[in-house]
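Colleague: here is the input, now give the coordinates:
(one chain, ligands or ions: 1)
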Amino acid sequence: MKDSSKINVLYVASEAAPLIKVGGLGDVAGSLPKALRKLLPSQINGSSIDVRLAIPFHSKINQKLDNLQLIASYFVNHPTGQIQARAFHTTVDDVPVYLIEGSSILTDPNVYTNNTLADARKYIFFSLAAIELTKQINWNIDILHANDWHTALSVYEMKLRRTQDPFFLNTKSVLSMHNLPYMGSGADSAVQEFGFSECDCINLPDWGRHIPLPIGMSAADQLLTVSPSYAKEILTPEYGCGLQDFLESRSDTVSGILNGIDEQTWDPSTDATIHFNFNQNKFENRIKNKIALQTEFGLDRNENTPLIILISRMDQQKGIDIAINGLRLVMDLSLQVIFLGTGDPFIETSCRSLEAEFPEKVRAALRFDLNLSRRMYAGGDILLIPSRYEPCGLTQMIAMRYGCVPLARATGGLKDTVVDIPENESNNGFLFTEASAESFAQVMKRAIKTFHLKDEWKKLQINGMNTDFSWEKSAIEYAKIYTKLKGE
Ligand code: GLC
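Modeller: Numbering: from 1, shown residues only. Take a look at the predicted model:
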């Protein structure tokens, strides 16, 4: 007999930390399933959630993981013949994980490339193989939870399958959108090659009927974004990327749940990569970290100079140009800036130019360096997040855990996590509204003024450190959605 209080969820994603991580999606896929499994039945109306993760067996994943077991060898349908798939099982942090292998996954060592068509061939295969796996191992799922364009077609396939295959009759689907503009444009022919005909959803614009994310969205029982504000923003032309009318037609099934961060991974009192561990009662160590950071970068060693940091993918989305031009407007103030990240060569060059113009004050570390990012969170005073749009954003939450105060653009998840209301008890950062250098500079000046008011600044830091960004709260929200869908 089926246990009705247990909800079976297959969570599919292109990446998941710690196995493989490229961006924020990897953090979420690595931590949400873990948080869901930790929920107690008393927190979720007596149910329990058997969530299991499926990701491609990318060749960069350690092939010699402990407890790796081949559990299924099977075929995925393709109009030109069947494609061989193999699924391996392992367990990471108590979460059962399926690693799925196939020729398109084996041949490409990168998680993502610049070639969307090649990526699509790999991810469509993976999406179909993940669904088929549940049948192969006779695991009846209540919920298929997919993420972003890469796995969106699993949702579309599920809608087709449940009308044809009794095994999937009661399976509902959730599609999380971590970054709406990335829809899988350019994947059209891969979608066709796998035998999908044009999506007939009348509310989708024509261009959207051939590409993975919109097709998946049309088929999902629930659409989710990674913050409540972004869920509202994507209903507008400014953020909707041409899908706002479609989303409006589905607005009763669109909602946003804020991402959390893994509070064990991000803990300044235990972080082994920083020089001096600290907590609220040991703030002098935070200052030591700041001096160490200034020393590392050859900057003037002075605890009274505000040390501003930016840790980001160098991408148009992130508004780094806004910060650079805004910083130019306040360079007469005493301050120091360190940039960390890689990406768009044009943005990297702009960081270098600022460094060349202000060699005493600015440093550009144009690389991917996780340990350095931790030393920066632990020693920096202000973290800049000037994003043009931000579905959620994780760095502002990490910064706050480490007593570094965020200065962010008031958009998406940044608006939901950073509180800039000085008279408010939970005030924890600074927000600017217009995506302009002037708007940025105005708030930057206010932040620097506050920095010199020691007590006020400390309060901001403590408030940030006390803000609850744990996954537990959000996991309960996901559980509610799963429960609702299962009951429908
Ligand atoms: C994407 C978004 C970011 C979000 C992350 C995880 O990278 O750009 O805002 O935090 O996904 O959901």
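
Colleague: would you mind naming the helix or strand containing the closest residue to the ligand within the stretch 301-450 of the chain?
Modeller: Proximity of the stretch 301-450 of the chain to the ligand (Cβ to the nearest ligand atom) peaks at C392, 3.4 Å away. From N, CA and C alone the C-beta is placed, and that goes for glycine too. Element membership of C392 [criterion: DSSP states H and E] is none; it lies in no helix or strand.

Colleague: burial measure for it, as a count.
Modeller: 25 (other Cβ atoms under 10 Å).

Colleague: distance from the chain centre to the one helix or strand in the chain whose mean pLDDT sits lowest, please.
Modeller: The weakest-scoring helix or strand in the chain, judged by mean pLDDT, DSSP states H and E, is helix 103-107 (a mean of 88). Relative to its chain's centre, helix 103-107 lies at 25 Å (Cα atoms, centre = their mean, to the nearest Å).

Colleague: and stretch 14-30, by the same measure?
Modeller: Chain-centre distance of stretch 14-30: 8 Å, with Cα atoms, centre = their mean.

Colleague: picking up where we left off before, check which helices and strands the least confident helix or strand of the chain is in contact with.
Modeller: strand 83-92, helix 116-136 (3 or more Cβ pairs under 8 Å, 6 or more residues apart in numbering; DSSP states H and E).

Colleague: to the ligand, which of those lies closest?
Modeller: Closest of the helices and strands packed on helix 103-107 to the ligand is helix 116-136, at 16.2 Å (criterion: Cβ to the nearest ligand atom).

Colleague: tell me the first helix or strand C-terminal of the closest one.
Modeller: Next along the chain from helix 116-136, counting by DSSP H and E, comes strand 143-147.

Colleague: what is the burial count for whatever residue of the chain ends up closest to the ligand?
Modeller: Using Cβ to the nearest ligand atom, the single residue of the chain nearest to the ligand is G24, 2.7 Å away. G24 has 21 neighbouring residues, counting by other Cβ under 10 Å.

Colleague: what sits closest to it if chain neighbours are left out?
Modeller: Distance criterion Cβ to Cβ, 6 or more residues apart in numbering; nearest residue to G24, sequence neighbours excluded, is L394 at 5.4 Å.

Colleague: isn't the one you found right up against N259?
Modeller: Yes - taking contacts as Cβ atoms under 8 Å, L394 lies within contact range of N259: 6.4 Å.

Colleague: okay, and the common contacts of these two?
Modeller: Taking Cβ atoms under 8 Å, 6 or more residues apart in numbering as the contact rule, L394 and N259 both touch G24, D27.

Colleague: the two: who's more crowded?
Modeller: Under the criterion of other Cβ under 10 Å, the comparison of L394 against N259 puts N259 first, with 26 against 21.

Colleague: how close does the more buried one sit to Y74?
Modeller: N259 sits 34 Å away from Y74, going by Cβ to Cβ, to the nearest Å.

Colleague: how about the residues of the chain by the ligand?
Modeller: Within the chain, the positions adjacent to the ligand are 23-25, 28, 178-179, 226, 259, 390-394, 413 by Cβ under 6 Å from any ligand atom.

Colleague: hmm, try it at 5 Å
Modeller: Within the chain, the positions adjacent to the ligand are G23, G24, V28, H178, N179, V226, E390, P391, C392, G393, L394 by Cβ under 5 Å from any ligand atom.

Colleague: and the residues you listed, which two are the farthest apart?
Modeller: Within these, V28 and E390 form the most distant pair, 14.1 Å apart (Cβ to Cβ).

Colleague: looking at the two, which is more packed in?
Modeller: E390 (31 against 26).

Colleague: contacts only, for that one.
Modeller: Residues in contact with E390 (Cβ under 8 Å, 6+ apart) are Y230, Q317, A408, R409, T411, G412, G413, L414.

Colleague: my read: Y98 touches E132, true?
Modeller: No - using Cβ under 8 Å, Y98 makes no contact with E132, being 11.3 Å away.

Colleague: settle it for me: which of the two has more neighbours?
Modeller: Each of Y98 and E132 has its neighbours counted (other Cβ under 10 Å); Y98 has more, 23 against 20.

Colleague: the more buried one should be in a strand, yeah?
Modeller: Yes - the assignment for Y98 by DSSP: H, G, I helix; E, B strand; the rest coil puts it in a strand.

Colleague: remind me which helix or strand the closest residue to it other than its chain neighbours belongs to.
Modeller: In space, and not counting its chain neighbours, Y98 is closest to A54: 4.2 Å by Cβ to Cβ, 6+ apart. Using DSSP H and E, A54 falls within strand 48-56.

Colleague: just E348 next, same as before
Modeller: helix 345-357.

Colleague: and that helix, which residues are buried?
Modeller: Buried positions in helix 345-357, judged by neighbour count with 16 or more other Cβ atoms under 10 Å: I347, E348, S350, C351, L354, E355.

Colleague: would you list these in a markdown table and tack on pLDDT?
Modeller: Formatted as a markdown table, the buried residues of helix 345-357 follow (pLDDT from 0 to 100):
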| residue | pLDDT |
| --- | --- |
| I347 | 98 |
| E348 | 98 |
| S350 | 98 |
| C351 | 98 |
| L354 | 98 |
| E355 | 98 |
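
Colleague: okay, domains of the protein per the record?
Modeller: 6-260+471-487, 280-466 (automatic domain parsing).

Colleague: on that earlier part again, give the buried residues for the least confident helix or strand of the chain.
Modeller: S104, I105.

Colleague: give the other helices and strands that the helix holding E348 contacts.
Modeller: For helix 345-357, the elements it packs on are helix 320-328, strand 336-340, strand 362-365, judged by 3+ Cβ pairs under 8 Å, 6+ apart.

Colleague: before we move on, the earlier item: redo the buried residues of helix 345-357 as a markdown table? Include distance to T433.
Modeller: Below are the buried residues of helix 345-357 laid out as a markdown table (distance: Cβ to Cβ, whole Å):
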| residue | distance to T433 |
| --- | --- |
| I347 | 22 |
| E348 | 27 |
| S350 | 23 |
| C351 | 24 |
| L354 | 23 |
| E355 | 28 |
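
Colleague: residue ranges for the strands of the stretch 201-350 of the chain, please.
Modeller: All strands of the stretch 201-350 of the chain, identified by DSSP state E, counting those that start in this stretch, fall at 222-225, 254-256, 307-311, 336-340.

Colleague: right, I'll leave it there.
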